[in-house]
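Participant: okay, predicted coordinates and the sequence, questions at the end:
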Amino acid sequence: MACQEIQEDLQAYLDGELTPVRRAAIESHLGECSDCRGILAELRTVSKVLSGWSGRSVDDGFEKSLQTRLAFEPTEAKRNKTAPVRAARFAGSLPATGPVYEGGFLRWITGGWRPAAVAAAVLIAITVYFAREAGAPLPKRVATTPKTDALGALSGAGTAGEIADGIVFAELVGKRAIAAVELDSPRVALSDVVTAFLATAETETDKSVGKRLINLLAGNAHMQPAARRVTVAGLFGAGAGLFGRELHAAEAAADPLAAARQFESAGRLREAQLRYRALASGGAVRAELALGSLNLRMGDLDGAEAALAAAAAGGDIVVKTAADGLMVEIADARKARQEVAPLRATAVSAADWQRVALLEVQAYDYRSAANSFMKAAGAASEDQIEFVQSVRFRSAWCQKETGQISTGVYGFKGIAEDSRSPATLGYAAGIEQAVGLARAGDYAESIAVCKMLVKRPAGDPVMEAMAYFQKGFVELRGLEDKAAAAESLGRVSAAGQGNLSYAALILLQSSGK
């Protein structure tokens, strides 16, 4: 693949706008081409600097302050690399690894790669800055593939059965993180925390929490200062009265689609499939969407396509948006199935088997992928500890997706408790273990795992907040221990973790604490 062709898609690659197959092709090329890796690193630097800009009132000194920031931003970032890079990567704006350009930004912008392109990026950023100040509509970038409008979907949702589109989005985030060459285990863990929450949603409060969590998954993980107090009135302003009763009192009616989703969440996929079909036969387009998503997860591409086509034709624009997003996944899956067959026949090394497994994930062949990841672990050398633990993590995730919750939990447990596991990977595995136990109905054991997690260093405040959120959610909805849940969720709401803290605050309201 020509370097010029790759370079044209590098910004879209950073923005997460490529199909899984195209993304994998670029990552494969980057592994072999130092020139393209260097350009990617430079683009990361631009994204990092621009993402640090925040809206503020414009005064006469704006131009001077902007020039100062451009001149000294890299120097300030080098003093504390870990936190901003971790936060940006978690939000989806940075890949997991990669060199950061160490030169001064002004020197690079005038003498580095493609000054015109960089100048255009800065011009766009300044346009966005002033548009926000003036209240003007922001410019839109055309994505290369359709995307699920999960936030819009949740805004129009009322009950558990009407947020299937949000679950579709959360599941896609996890799947794509697993299929990436560089594993982002915190993002996988967060996607499963969100999916598990949405699968049990029953009230309008849950919808409000779900919107915050989906917003976080969509890349809006902006940190809020811990000292900044957040209240329900502050979140909703004068519109808080529109909710009528207290937020936590807005209960929704029982929903048969929500009941069906409980079977899927617990790993009883065939039973969930039968229930979705029964509901879909009665004309429920959201049941068609849920059925299409489940069929895809089970590797039935034709069945998924038929259900999603019916869902998209049902006249609900929210459902159609989600169905269209999954149709793109089906097309990519079919292409991946064609590509993986010859590679599987010749795979020998650990790298070979990982490449096969990643394509199998893209192909929604999770059973084969789980086996291929373990073959990669078996073919690795003794000193490849991080690689082995990474592919074991992916294998456990694939087992969980096929409905084998207990097998997945066992795999995550081994990684979480292995002292050789990288700290971040081990912590994410612990969160996955806790989520799996809760999905299987073992609430007490799930909370016990969370208690052990929060006693060890997370290396990332978002990860620790996730563990407390999972603990509080299970305490509230699984064990109905409101006092314990209030303590756990209170820690998250006070942690200054943006949307995650907001979600915890709303759940606190639902507990009446």
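Facilitator: Perfect, I can see it now. Residues are numbered from 1 along each chain as shown.
Participant: against Ser510, how distant is Glu204?
Facilitator: Glu204 sits 10 Å away from Ser510, taking C-beta to C-beta, to the nearest Å as the criterion. To be clear about C-beta, it is placed using only N, CA and C from the backbone, and glycine gets the same treatment.
Participant: correction: the previous question concerned Asp184.
Facilitator: 30 Å.
Participant: contacts only, for Leu308.
Facilitator: Contact analysis of Leu308 by C-beta atoms under 8 Å, 6 or more residues apart in numbering lists Glu288, Leu289, Gly292, Ala323, Leu326, Met327, Ile330.
Participant: now the helix or strand hosting it: buried residues?
Facilitator: Assigned by DSSP states H and E, Leu308 belongs to helix 301-312. Neighbour counts over helix 301-312 (16 or more other C-beta atoms under 10 Å) mark Leu301, Gly303, Ala304, Glu305, Ala307, Leu308, Ala310, Ala311, Ala312 as buried.
Participant: go on, stretch 268-282?
Facilitator: Using 16+ other C-beta under 10 Å as the test for burial, stretch 268-282 gives Leu269, Ala272, Gln273, Arg275, Tyr276, Arg277, Leu279, Ala280.
Participant: go on, stretch 378-394?
Facilitator: Of all the residues in stretch 378-394, those buried under the rule 16+ other C-beta under 10 Å are Ala379, Ala380, Phe387, Val388, Gln389, Ser390, Val391, Arg392, Phe393, Arg394.
Participant: and stretch 11-27, end to end?
Facilitator: 13 Å (C-alpha to C-alpha, to the nearest Å).
Participant: could you do stretch 474-491 as well?
Facilitator: Distance between the two ends of stretch 474-491: 15 Å, counting by C-alpha to C-alpha.
Participant: and of the contacts of Leu308, the nearest to Ala458?
Facilitator: Ala458 lies nearest to Leu326 out of the contacts of Leu308, by C-beta to C-beta, at 33.1 Å.
Participant: that closest one is in what secondary structure piece?
Facilitator: Counting by DSSP H and E, Leu326 is found in helix 317-346.
Participant: where does pLDDT dip in the stretch 51-200 of the chain?
Facilitator: 51-164 (pLDDT under 70).
Participant: now do the same contact list for Ala440.
Facilitator: By C-beta under 8 Å, 6+ apart, the contact set of Ala440 is Ala266, Gly267, Ile405, Ser406, Val409.
Participant: and if we set it to 7 Å?
Facilitator: Neighbouring residues of Ala440 by C-beta atoms under 7 Å, 6 or more residues apart in numbering: Ala266, Ile405, Ser406.
Participant: repeat for Val181
Facilitator: Ala24, Glu27, Leu358.
Participant: now the buried members of those.
Facilitator: Neighbour counting with 16+ other C-beta under 10 Å marks Ala24, Leu358 as buried within these.
Participant: ok, Val348 to Val356 distance?
Facilitator: Noted for Val348: a distance of 11 Å to Val356, by C-beta to C-beta.
Participant: give me the more crowded residue out of these two.
Facilitator: Higher neighbour count among Val348 and Val356: Val356, with 24 against 9, using other C-beta atoms under 10 Å.
Participant: report the contact partners of that one.
Facilitator: Shown in contact with Val356 (C-beta under 7 Å, 6+ apart): Val340, Leu343, Arg344, Ala347, Ser372.
Participant: got the angle between whichever strand or helix holds it and helix 317-346?
Facilitator: For Val356, the enclosing helix or strand under DSSP H and E is helix 350-362. Put simply, helix 350-362 runs at 150 degrees to helix 317-346, going by axes from the mean of the first three to the mean of the last three C-alpha atoms, to 10 degrees.
Participant: packing partners for the next helix or strand after helix 350-362?
Facilitator: Proceeding C-terminally, helix 350-362 gives way to helix 366-379 as the next helix or strand, assigned by DSSP H and E. Judged by 3 or more C-beta pairs under 7 Å, 6 or more residues apart in numbering; DSSP states H and E, the packing partners of helix 366-379 are helix 350-362, helix 385-401.
Participant: and those helices as a markdown table, adding mean pLDDT and distance to Ala494?
Facilitator: Output for the helices and strands packed on helix 366-379, formatted as a markdown table (pLDDT from 0 to 100; distance: least, C-beta to C-beta, whole Å):
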| stretch | mean pLDDT | distance to Ala494 |
| --- | --- | --- |
| helix 350-362 | 96 | 37 |
| helix 385-401 | 96 | 30 |
